[in-house]
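> with the sequence up front, the predicted model follows.
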There are 2 protein chains.
Amino acid sequence: MKPFGEVRAGILGGGQLGRMLVQEAINLNIAFDILDPDPEAPCKSLSPRFVTGSLSDFDTVYNFGKDLDLITIEIEKVNADALGKLEEEGVLVYPQPRVIQLIQDKGLQKEFFRQNDIPSAPFRLFKSRDELLRANPAFPFIQKLRRDGYDGRGVLRIASAADLDHAFNEPSLIEELVDFEKELSVIVARSSNGETRSFPCVEMEFNPEANLVEFLVSPSAISNEIQKEAEQLAKQIASALNITGLLAVEMFLTKNGSLLVNEIAPRPHNSGHQSIEGNATSQFGQHLRAIFGLPLGDPSAISHAVMVNLLGEPGYSGPARYEGMEELLKMSGVHVHLYGKLLTKPFRKMGHITVIDTNREKALEKARAVQQLIKVKA
Amino acid sequence: MKPFGEVRAGILGGGQLGRMLVQEAINLNIAFDILDPDPEAPCKSLSPRFVTGSLSDFDTVYNFGKDLDLITIEIEKVNADALGKLEEEGVLVYPQPRVIQLIQDKGLQKEFFRQNDIPSAPFRLFKSRDELLRANPAFPFIQKLRRDGYDGRGVLRIASAADLDHAFNEPSLIEELVDFEKELSVIVARSSNGETRSFPCVEMEFNPEANLVEFLVSPSAISNEIQKEAEQLAKQIASALNITGLLAVEMFLTKNGSLLVNEIAPRPHNSGHQSIEGNATSQFGQHLRAIFGLPLGDPSAISHAVMVNLLGEPGYSGPARYEGMEELLKMSGVHVHLYGKLLTKPFRKMGHITVIDTNREKALEKARAVQQLIKVKA
């Protein structure tokens, strides 16, 4: 490759992940061209060439990429065929189009797990609702669309025959419900030369009343043994995929102490945002190093860190206002990251806040205070 | 003021200080319009409105600012009269034009120190070389141009009558040589509501052989008493100036243990770059908070930090290459900040590197290794 500062690089997607990648890339004199369908996307003023266009359209993606040296993604839902053609023509596409294609289809993803002895919940594939009904699976189970699910969309919990009425009719997979103790995530980076490094395992903290993921806590407080196992598993998947770039691996820790891989994402991930302040190298810095063929950085945690997602408050849609921001900014060790989205809507990811503390309990306490304090309204 | 995310804000100057300010401002959804004479300035692709034009020209500065709500600077050499007019017309200009005017003239700066009992080396003002010669001051002394000195330019050491031949003919001041033990710097932030917070005192580490500032070390290892005194002095100056924004105060610690203020700068400063990784709030975050009327952040050091300036290697001019970068990126706790300048020339500030370590000596050791490793060549 050329000296990395001279590489003409682009990102498919100009949302918050692209934005934080661009923000980190400033440090290395790397500027990214951006393609996004939204003319007001978070990256719009942070690029020498911001192109408005569909990420799913072959010609749009191909034309965006044909004069670039290197392309990466911040969202999987892109035209992988166009990326494949660009790759054939000599553009470096990281993650590789074949990896994107595999991960776009949750059915292929599950088959890949099975073929590579990656522990994961047992599953079956169906082409339609009719086929599912004929199979008559035991309740309860989870039905997932094979394609285009995102942020919880495309996933149903089918508890009884009554729920079958609104089961998906598109190609789907069903899985047994996993009775899990914790949700864990490991982000691993793999460079084009095969160097592989794992960020420390993080865990999701649940609110027992609301039964919702509230915080992401780094590093995880689970046993060293299980952490090592989780990190090993993530590396194993990255190697089996032969991926260049980041891979986020979400896992369940079951009540009997074993790990099951839930889903994987071939890019920077919500479960790695705390690395900006909490680790020696951030996930964004690590992704840049991996795709530009630079030595990977030290991913160690340098502090306890708790990440709070800043979601649009239910009941509000319109130009965003950040209630409680001034109070929040008075707190020490609290790092605000807004995503540059003009409009809020219920549960839209508008930003995140990372709380840093040398003491884990204090970090959690502050995170709870942060969550009480700040609301995104319209 | 409007909600801070809706403020139309601008920066005079699109160099590295503007770039790091823009990079930090992303986190708060603040985008800056930028004015800079260089169409290839470091900020060029990081702004919704990058205007190429002179910072010294009244009309250019006035027209750039007239539709903005708030203007700040990253360099003092700007048309302060135009800023004064904008201020009269209701634009928030931070630092205030009267502060910029004072600091643009080192003679006025020294008189301000004298009037406000700020300890500083004794000085005399001269209109021309002839006037200086007639005064016949005792050697050695330092002659400084009253205006437009920058990064060591505009300063002469006059050791004997022979040196007088090339003494400045423009309005200047002369100062006694200060026999100092250390150079210190304190950055203080003052908000529009008068809230004032000081970053911990930092010190410059000299190379005894080359007699050059090599590193900036944070926090300083000098006695608590002197640190407190330095921080108090910086706050005193900020209050006397009634400034809104950051003020960097460079000081000498003399061999008899007293502090003398050398120079002040009303903006983010080279001696605060280590705060990006080394402090709970960075100088850039703090400047934003001060000028947007937000609560000031906690400026405490969270780690030992050593900052190494990355200067153009003597003997090389042209498109920059960063020799040793790959080796550098293998080191842990080493943070690279390149400034996006295409061309290097001898001693041009091309970037900086911050080394973080929980142990001060180890941080210094790594900084020495960094300095050996990386060279900016063409």
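All right, it came through fine.
> contact residues of chain A facing chain B?
By C-beta under 8 Å from any C-beta of the partner chain, the residues of chain A that approach chain B are A:3, A:5, A:19, A:23, A:26-29, A:31, A:44-48, A:280, A:289, A:294-295, A:297-298, A:300, A:302-303, A:320-322, A:325-326, A:329-330, A:332-333, A:335-340, A:356. C-beta coordinates here come from the backbone N, C-alpha and C atoms, glycine included.
> what do you get if the cut-off is 7 Å, keeping everything else the same?
A:3, A:19, A:23, A:26-29, A:31, A:45-48, A:280, A:289, A:294-295, A:297-298, A:321, A:326, A:329-330, A:332-333, A:336-338, A:340 (C-beta under 7 Å from any C-beta of the partner chain).
> give the buried subset of those residues as a PyMOL selection command.
Buried residues within the residues of chain A next to chain B, by 16 or more other C-beta atoms under 10 Å in any protein chain shown, are selected in PyMOL with:
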select buried, chain A and resi 19+23+26+27+28+29+31+45+46+47+280+289+294+295+297+321+329+333+336+337+338+340
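> keep only those of the residues of chain A next to chain B that are in helices.
A:19, A:23, A:289, A:326, A:329 (DSSP state H).
> the last one - nearest residue in space that isn't next to it in sequence?
Which is A:Leu329. Among residues not flanking A:Leu329 along the chain, B:Pro295 sits closest, at 4.7 Å (C-beta to C-beta, 6 or more residues apart in numbering or on different chains).
> go on, the third one?
Closest residue to A:Arg289 apart from its sequence neighbours, by C-beta to C-beta, 6+ apart: A:Leu296 at 5.3 Å.
> tally of neighbours for that neighbour?
The burial count assigned to A:Leu296 is 19, neighbours taken as other C-beta atoms under 10 Å in any protein chain shown.
> next: the one 3 residues further on.
Other residues within reach of A:Pro299 by the criterion other C-beta under 10 Å amount to 23.
> then A:Arg197?
Residues near A:Arg197, counting by other C-beta under 10 Å: 22.
> tell me if it really is in a strand.
Yes - when classified by DSSP: H, G, I helix; E, B strand; the rest coil, A:Arg197 is found to be part of a strand.
> quick one: contacts for it?
Shown in contact with A:Arg197 (C-beta atoms under 7 Å, 6 or more residues apart in numbering or on different chains): A:189, A:296, A:299.
> run through the bridge partners of it.
Counting by DSSP bridges, A:Arg197 forms beta bridges with A:Ala189.
> show the model's pLDDT score for it.
Looking at A:Arg197, its pLDDT reads 98.
> and the gap between it and A:Leu241?
A:Arg197 is 15 Å from A:Leu241, where distance means C-beta to C-beta, to the nearest Å.
> from A:Ala238, how far out is the residue in the stretch 101-250 of chain A positioned nearest to chain B?
The minimum distance from the stretch 101-250 of chain A to chain B, using C-beta to the nearest C-beta, falls at A:Glu195 (10.3 Å). Relative to A:Ala238, A:Glu195 is positioned 11 Å away (C-beta to C-beta).
> show the average pLDDT along the strand or helix carrying A:Leu364.
A:Leu364 belongs to helix A:360-373 when assigned by DSSP states H and E. For helix A:360-373, mean pLDDT rounds to 96.
> same question, stretch A:225-245
Per-residue pLDDT over stretch A:225-245 has a mean of 97.
> what's it in contact with?
The contact list for stretch A:225-245 (C-beta under 7 Å, 6+ apart) reads A:72, A:94-96, A:99, A:116, A:118, A:184, A:186, A:188, A:190-192, A:196, A:198, A:200-201, A:220, A:247, A:249, A:251, A:253, A:259, A:261, A:264, A:266-267, A:287, A:290-291.
> centre-most residue in chain A?
With distances taken as C-alpha atoms, centre = their mean, A:His269 lies nearest the centre of chain A, 2.8 Å away.
> now do the contacts for it.
A:187, A:248.
> what ranges does the stretch 51-200 of chain A have for its helices?
A:58-65, A:80-88, A:97-104, A:106-115, A:129-135 (DSSP state H, counting those that start in this stretch).
> biggest helix in chain A, by residue count?
When chain A is parsed with DSSP H, its longest helix is helix A:224-241.
> quick one: it to helix A:106-115, angle?
110 degrees (axes from the mean of the first three to the mean of the last three C-alpha atoms, to 10 degrees).
> in helix A:224-241, which residues are buried?
A:226-227, A:229-231, A:233-238, A:241.
> look at A:Glu209 and report its pLDDT.
pLDDT, A:Glu209: 65.
> contacting residues for A:Pro346?
Counted by C-beta under 7 Å, 6+ apart, A:Pro346 has contacts A:312, A:314-315.
> need the phi and psi values for A:Asp179.
phi -90, psi 90 (degrees, to the nearest 10).
> number of nearby residues for it?
Neighbour tally, A:Asp179, other C-beta under 10 Å: 9.
> with adjacent residues omitted, what lies nearest to it?
Spatial nearest neighbour of A:Asp179, chain neighbours left out: A:Lys255 (5.5 Å); criterion: C-beta to C-beta, 6+ apart.
> how many residues are close by that neighbour?
Neighbour tally, A:Lys255, other C-beta under 10 Å: 11.
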